[in-house]
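Participant: With the input below, show me the fold.
(2 chains)
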Amino acid sequence: DAGVIQSPRHEVTEMGQEVTLRCKPISGHNSLFWYRQTMMRGLELLIYFNNNVPIDDSGMPEDRFSAKMPNASFSTLKIQPSEPRDSAVYFCASSLADQPQHFGDGTRLSIL
Amino acid sequence: AQKVTQAQTEISVVEKEDVTLDCVYETRDTTYYLFWYKQPPSGELVFLIRRNSFDEQNEISGRYSWNFQKSTSSFNFTITASQVVDSAVYFCALSEAQLQGAQKLVFGQGTRLTINP
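Facilitator: This next block holds a predicted model:
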């Protein structure tokens, strides 16, 4: 079975540019999560959706970050404009009901 | 607020030694879940185990075992007869039981385990 699929795997861009990260959850899963991993802050939850509806976005750092889930099989995390401090590994995870979350391989983002 | 503490930042042992990774948590919830995830050098996060707060039975899976003690708010992870392939960063995590089912994970800072041949 296909796991959580994230794209791109690596992204390098200059500050000020718009960055879009993509995630395809495991088919049938009804919850989707976006996490960020940095050396300073570790793994932190940014936002999660349940049945395509954003439930908790309290972890989104600021207005430059936005996330959408237009349907059950696709989600995006957008940063506009990007800044060097946004450099991190961004993980998407999905789960079914209260079952454990399964993570994608992550997107390594570097903002120059 | 929920909090997970993994006091051991890095551990290095020689292959075949047993090693225990410590995890201490804080929560005001009576119903919660505890997790361990493994992050190998390739970077992905691999789910290892979940326990709920009502089940304090220890769990063993091959060379891996977990000891959950509510009295000390700990959920420790032991690898017996460690192997080089066990080298990874290990994360302990906590979530409260959500009405809608989805569980928000709060992660510890991770323990980097290096198994030397």
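Participant: From now on I want contacts and neighbour counts done on CA atoms only, so please keep to that.
Facilitator: Fine.
Participant: which of the residues in stretch A:42-51 are buried?
Facilitator: Of the residues in stretch A:42-51, those buried by neighbour count under the rule 16 or more other C-alpha atoms under 10 Å in any protein chain shown are A:43-50.
Participant: nearest to B:G108, of the residues you listed?
Facilitator: Taking C-alpha to C-alpha as the measure, B:G108 lies nearest A:L43 of the buried residues of stretch A:42-51, at 7.9 Å.
Participant: which residues touch the residue nearest to that closest one when sequence neighbours are not counted?
Facilitator: Of all residues not flanking A:L43 in the chain, A:Q37 sits nearest, at 4.4 Å (C-alpha to C-alpha, 6 or more residues apart in numbering or on different chains). Contacts for A:Q37 (C-alpha atoms under 8 Å, 6 or more residues apart in numbering or on different chains) come out as A:43-44, A:88-91.
Participant: C-terminal to the helix or strand bottoming out on mean pLDDT in chain B, which secondary structure element comes first?
Facilitator: Sorting the helices and strands of chain B by mean pLDDT, DSSP states H and E puts strand B:59-61 at the bottom, at a mean of 88. Note on strand B:59-61: by DSSP states H and E, the next helix or strand toward the C-terminus is strand B:64-69.
Participant: What helices and strands are in contact with that following strand?
Facilitator: Where contact means 3 or more C-alpha pairs under 8 Å, 6 or more residues apart in numbering or on different chains; DSSP states H and E, strand B:64-69 is packed against strand B:59-61, strand B:74-79.
Participant: State whether the residue nearest to A:L43 is indeed within a helix.
Facilitator: No - judged by DSSP: H, G, I helix; E, B strand; the rest coil, A:Q37 forms no part of a helix; its state is strand.
Participant: Low-confidence ranges, the chain, go.
Facilitator: I'll assume chain A. Scanning chain A with the threshold set as pLDDT under 70 gives A:1.
Participant: sorry, should have said chain B
Facilitator: Along chain B, segments meeting pLDDT under 70 span B:97-102.
Participant: what helix or strand does the residue nearest to the spatial centre of chain A sit in?
Facilitator: Closest to where the C-alpha atoms of chain A average out (C-alpha atoms, centre = their mean) is A:W34, at 3.5 Å. Element membership for A:W34 (DSSP H and E) is strand A:31-38.
Participant: on that earlier part again, find the nearest non-adjacent residue to the residue nearest to the centre of chain A, please.
Facilitator: Of all residues not flanking A:W34 in the chain, A:C92 sits nearest, at 4.6 Å (C-alpha to C-alpha, 6+ apart).
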